[in-house]
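Engineer: show me the folded form of this:
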Amino acid sequence: MAEKKAHKKTGNQLLGKVSIKKKIPHILLAEDNHDMRTLLAMSLRKNGYEVTEFADGHLMLDFYFSADSIQKEAAFDLIISDIRMPFLTGVEILEGLHGCEGFPPMILITAFGDEETHKQAYMLGAAAILDKPFDIDELIAKVQEIAPSY
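Structural biologist: Alright, predicted model coming up:
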């Protein structure tokens, strides 16, 4: 009985004598507001996601491009980024990734969303844009649609 509980906790399934570990979706989160970043990361982790947090887009892109290409494709399932941040905006992150093969889907969040910014972001490949203030459940629903957790 203890073995079953341990496997349930780690997300493993026992199939006969073979144990298969499910991959926990990995989200890169870039948000310059510490409180907002903490709230988003906590909510995402609570819903079964691994989250790597960044205070700005430059740090996130450095991390993304420092991973080797095989690790990148296997490791990152989604990027969530604020649009207006120091150093690089969320739209500039999209521009930086736009030509890269296999970059993960990206959700942008913003308190300054105008129609032109939304249009530009969608043209560059944004999967979704949420205007602040938004309901955390709305973000989680969008994340689960794009990168389902187990």
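Engineer: got the buried residues for stretch 108-127?
Structural biologist: For stretch 108-127, the buried set under the neighbour-count rule, 16 or more other Cβ atoms under 10 Å, comprises 108-110, 113, 117-118, 121, 124, 126-127. Backbone N, C-alpha and C define where each C-beta goes, glycine included.
Engineer: quick one: least confident of those residues?
Structural biologist: Least confident of the buried residues of stretch 108-127 in the model: G113, at 75.
Engineer: tell me the spacing between that residue and A67.
Structural biologist: 29 Å (Cβ to Cβ, to the nearest Å).
Engineer: what is the helix of greatest length in the chain packed up against?
Structural biologist: The helix that spans the most residues within the chain, counting by DSSP state H, is helix 34-46. If you count contacts as 3 or more Cβ pairs under 8 Å, 6 or more residues apart in numbering; DSSP states H and E, helix 34-46 packs onto strand 26-30, strand 50-54, strand 78-82, helix 136-146.
Engineer: could I get the ones you listed as CSV with mean pLDDT and mean neighbour count?
Structural biologist: Shown next, in CSV, are these (pLDDT from 0 to 100; neighbours: other Cβ atoms under 10 Å):
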stretch, mean pLDDT, mean neighbour count
strand 26-30, 94, 23
strand 50-54, 95, 17
strand 78-82, 94, 26
helix 136-146, 94, 15
